[in-house]
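Visitor: structure of the sequence below:
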Amino acid sequence: MSVAGDNTTESAAQPKPAATVLLLRDDPAPPPGRAPLQVFLQRRVKQMAFAGGMTVFPGGSVDPSDVPDAERWAGPDPTEWAELIGVTPEVAGQAVSAAVREVFEETGVLLAGPPGGEPGSLTAQAPLWRKQLTEHTLSLAQVLVDSGYVLRSDLLRTWAHWVTPPQEGRRYDTIFFVAGMPAGQEADAHTTEAVEATWWYPEEALAAFDAGEMTLMPPTLLSLRDLSAFSTTAEALAGCAGRDMTPVHPKFRKDDAGVRYVILPDGSEHRFAPARSA
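Guide: Numbers count the residues shown, from 1 in each chain. Below is the predicted model:
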């Protein structure tokens, strides 16, 4: 989801399909009084064409290679996901595949594992698969074949659906998912798209935003606010049931001081960025 520009385009660009994942874990030793739930956030490189310098969840555009392989798939199938999200089975299957691929590329976490087993620790080949995926010389489907793994769609939950407004030059139709960290794996910051990446308590990320120390896009900001209502990963995953997946088509406005707000379909307004620096 991009931030609002000052001008509108004469003909709106078509939104690109995309997938984003709120990757969660429970801190084994949280500070006293702090709930253990944490979410993985990345601060993107400033030079990135999209969301440069902003703090985001892992995710990205759907790739043409994000085609589900029924033989390498465990959990709800694309038809079931389509019913949950409110899209076609083709779109749903591609979104789930893209979500798994993007999380692996950007964090090293692979939401896949041996048939009938848990994901667990990855093999020594995982860094090479990740590099090849990032370089577009290997597809997720081939990774699954080479590893003997199946994509674990049952590890994902639906969270939200946002569509970038027509006035934006770069538009995305993004499905937001939630997933808990598989046991035996670790998320890292080994991606060229981010200058830093780590685990955050939702409340601390929101405090950093309020203090002007972190820049968030509207879906990230509002998702963090929703996450802050949960104490554990299990609670958050359970809380995904019944979430409204109606596509959110936000509007933006900027006040006299240059502060930008997102306006949701229900009419509520939320500050999401300070005035742009000159």
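
Visitor: I'd like the next helix or strand past the longest strand seen in the chain.
Guide: Determined from DSSP state E, the single longest strand within the chain is strand 16-26. Downstream of strand 16-26, the first helix or strand assigned by DSSP states H and E is strand 37-44.

Visitor: can you give the distance of the helix or strand following that following strand from its chain's centre?
Guide: Remark: after strand 37-44, the chain's next helix or strand is strand 55-56, criterion DSSP H and E. Between the centre of strand 55-56 and the centre of its chain there are 9 Å (CA atoms, centre = their mean, to the nearest Å).

Visitor: which strands or helices does strand 55-56 pack on?
Guide: strand 37-44 (3 or more CB pairs under 8 Å, 6 or more residues apart in numbering; DSSP states H and E). Yep, even glycine has a C-beta here, placed from its N, CA and C like the rest.

Visitor: buried set for the helix ranked longest in the chain?
Guide: Taking DSSP state H as the criterion, the chain has its longest helix at helix 89-107. Across helix 89-107, burial judged by 16 or more other CB atoms under 10 Å covers 89, 91-107.

Visitor: again with stretch 167-184
Guide: 167-168, 171-182.

Visitor: put the alpha carbons of that stretch into CSV.
Guide: Only the C-alpha atoms of stretch 167-184 are listed here, as CSV (Å, rounded to 0.1, in the frame of the first residue of the first chain):
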residue,chain,number,x,y,z
GLN,A,167,-4.7,8.4,-7.5
GLU,A,168,-1.5,6.5,-6.7
GLY,A,169,1.0,5.8,-9.4
ARG,A,170,1.9,2.4,-7.9
ARG,A,171,-1.2,0.4,-6.9
TYR,A,172,-1.5,-3.0,-5.2
ASP,A,173,-4.4,-5.3,-4.4
THR,A,174,-2.9,-6.9,-1.3
ILE,A,175,-4.1,-9.8,0.8
PHE,A,176,-2.8,-9.7,4.3
PHE,A,177,-2.2,-13.1,6.1
VAL,A,178,-1.0,-14.0,9.6
ALA,A,179,1.4,-16.9,10.4
GLY,A,180,3.1,-18.1,13.6
MET,A,181,6.9,-18.8,13.5
PRO,A,182,7.5,-22.5,12.8
ALA,A,183,9.5,-24.2,15.6
GLY,A,184,13.1,-24.7,14.8
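
Visitor: that's all I had, so thanks and see you.
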